[in-house]
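> take this sequence and fold it.
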Amino acid sequence: MFRVDPKTVTRWAKAGKLTSIRTLGGHRRYRESEVRALLAGIPQQRAED
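Residues are numbered from 1 along each chain as shown. This next block holds a predicted model:
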């Protein structure tokens, strides 16, 4: 969704930009509302005409 490396999203969580929830298997889960809010702040790429 963010079109960045997964490690970048992990760094964002450590920096407090996203809240992560750890599963028993060690995976991270992020709240949909926070993901959408962060995506809303990222300028969308425009297709060149």
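> where does pLDDT dip in this protein?
Within the chain, the stretches with pLDDT under 70 are 42-49.
> all strands of it, in order?
Using DSSP state E, the strands assigned to the chain run over residues 20-22, 28-30.
> determine which stretch of those strands is the most buried.
Among the strands of the chain, strand 28-30 has the highest mean neighbour count (mean count of other C-beta atoms under 10 Å), at a mean of 13. To be clear about C-beta, it is placed using only N, CA and C from the backbone, and glycine gets the same treatment.
> partner strands of that strand, with direction?
Strand 28-30 pairs in its sheet with strand 20-22 (antiparallel), by DSSP bridges.
> now the strand it pairs with, how far from the centre of its chain.
In this view, strand 20-22 has its centroid 12 Å away from the chain centroid, taken as C-alpha atoms, centre = their mean, to the nearest Å.
> and for stretch 5-12?
For stretch 5-12 - counting by C-alpha atoms, centre = their mean - the centre lies 7 Å from the chain centre.
> buried residues in it?
Val9, Trp12 (16 or more other C-beta atoms under 10 Å).
> give me the contact list for it.
With contact meaning C-beta atoms under 8 Å, 6 or more residues apart in numbering, stretch 5-12 is reached by Phe2, Leu18, Ser20, Arg28, Tyr30, Leu38.
> can you list those residues in CSV and add distance to Arg11?
Listed next are the contacts of stretch 5-12 as CSV, based on distance: C-beta to C-beta, whole Å:
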residue, distance to Arg11
Phe2, 12
Leu18, 10
Ser20, 11
Arg28, 12
Tyr30, 13
Leu38, 13
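> save the strands of the chain as TSV, and put in distance to Val9 too.
As requested, these are exported to TSV (distance: least, C-beta to C-beta, whole Å):
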stretch	distance to Val9
strand 20-22	9
strand 28-30	8
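> all set now, cheers.
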